[in-house]
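>>> coords please:
(one chain, ligands or ions: 1)
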Amino acid sequence: MNIAELFNHKKTLFSLEIFPPKKDSSYNIIYNSLLKMRGIPADFISVTYGAGGSRAQQDKTIEIASLILQTYHTEPVAHLTCVNADREQVFQTLAQLKENNVENIMVLRGDISPDSPPKTDFKYASDLAAFIKANEPGFNLLGACYPERHYQAESMEEDIENLKIKIDHGITHLITQLFFDNEKFYSFRDQAEKAGVSLPIQAGIMPITNPRQIERTVALSGASVPAKLQRMFERYGDNEKALFDAGVHYAIEQIMDLIANDVRGIHLYTMNNVEIATRVSDAIQNILEAENNPK
Ligand code: FAD
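As a prediction, this is how the structure comes out:
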């Protein structure tokens, strides 16, 4: 199913993101997690793609996406990056996705690693989108966007102009980079709308639930940390259980505020953690139901 159609009859989508484990030995864990996540009413589950990963690792994205569709009967979105790919590889991947009936692709450039120079067939996600639309127009394409600007763009205006190129090449909906300050999202959404972006934008939300994430995830994403979240890190940063609860609560509060402000969807970065996915989903299901089926 083309998930863009969901927006025709739903006001607010709810989706999950998972990643293929790096080690073969961890696959049982992800399969078990997916089994438990089956009870969560997600509109779709997206599976990330290791930009610099081996072919075998990247095949796992397709394998897991296929499993989500065949076994769990939930629509998968397969992420696909182009920074280290050439046309032939992308052709092969598209053929594999078709064989596995995966219809939705998150089209990405991927991060450029200092250790491996990028290949030259595709420079931006928009080039990959154009290539897919020209060769396999049946796929539905999603794209990434950045409420606090992509780190390589000089300004938000420039980033949004580049985003519009991606949209012109066939993206039907956007998912944001994680953020902790909803005001950044609202300001980005307003600016994008004024610049002519009318696609649904889903908010990417990641609960910070373990101390290692505080430095790594927060630093890597470049997301601003509001004072309230900073205080939470200071108070509970060395108490795993308390931080877990606080992180989940913070994310739920963020989501409630986004829904009250008419966000078109929540995309939960689950970190493959069933408890995070379940607790967030349980907390908002009745609210989503009321938003999507008003009496
Ligand atoms: P692009 O849209 O190509 O943009 C990259 C930069 O180039 C931006 O600064 C943009 O302003 C600029 N730009 C774009 N087009 C043009 C143009 N035509 N001319 C000039 N400048 C231009 N990474 C992974 O490796 N695997 C994943 O599975 C993955 N999933 C992600 C999911 C989401 C929701 C998000 C937000 C990110 C994800 N990433 C993933 C990270 C992503 O690959 C990086 O953020 C990467 O640096 C940019 O990818 P992009 O698709 O946004 O790039």
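
>>> Contact residues of the chain facing the ligand?
Contact residues (CB under 6 Å from any ligand atom) of the chain with the ligand: 48-49, 51, 79, 81, 106, 108-111, 124-126, 144, 150, 152-153, 159, 162, 165-166, 175, 177, 204. Where C-beta positions appear, they are placed from N, C-alpha and C, glycine not excepted.

>>> change it to 5 Å
Neighbours of the ligand within the chain, by CB under 5 Å from any ligand atom: 48-49, 51, 79, 81, 108-111, 124-125, 144, 150, 152-153, 159, 162, 165, 175, 177.

>>> now, which of those lie within helices?
125, 159, 162, 165 (DSSP state H).

>>> Tell me the helix or strand right after the longest helix along the chain.
Longest helix in the chain, counting residues (DSSP H): helix 240-260. Following helix 240-260 in sequence order, the next helix or strand is strand 265-269 (DSSP states H and E).

>>> other SSEs contacting that following strand?
In terms of contacts (3 or more CB pairs under 8 Å, 6 or more residues apart in numbering; DSSP states H and E), strand 265-269 is packed against strand 13-18, strand 201-205, helix 240-260, helix 274-292.

>>> element containing residue 173, please.
Per DSSP H and E: strand 171-176 holds residue 173.

>>> What is that strand packed up against?
Packing partners of strand 171-176 (3+ CB pairs under 8 Å, 6+ apart): strand 140-145, strand 201-205.

>>> what about it, distance to the chain center?
Relative to the centre of its chain, strand 171-176 is centred 9 Å away, using CA atoms, centre = their mean, to the nearest Å.

>>> Sheet partners, orientation included, of it?
The strands beside strand 171-176 in its sheet (DSSP bridges) come out as strand 140-145 (parallel), strand 201-205 (parallel).

>>> Tell me, how many residues neighbour the residue nearest to residue 83 when sequence neighbours are not counted?
In this structure, residue 83 finds its nearest non-sequential neighbour in residue 110, 3.8 Å apart by CB to CB, 6 or more residues apart in numbering. Residues near residue 110, counting by other CB atoms under 10 Å, number 20.
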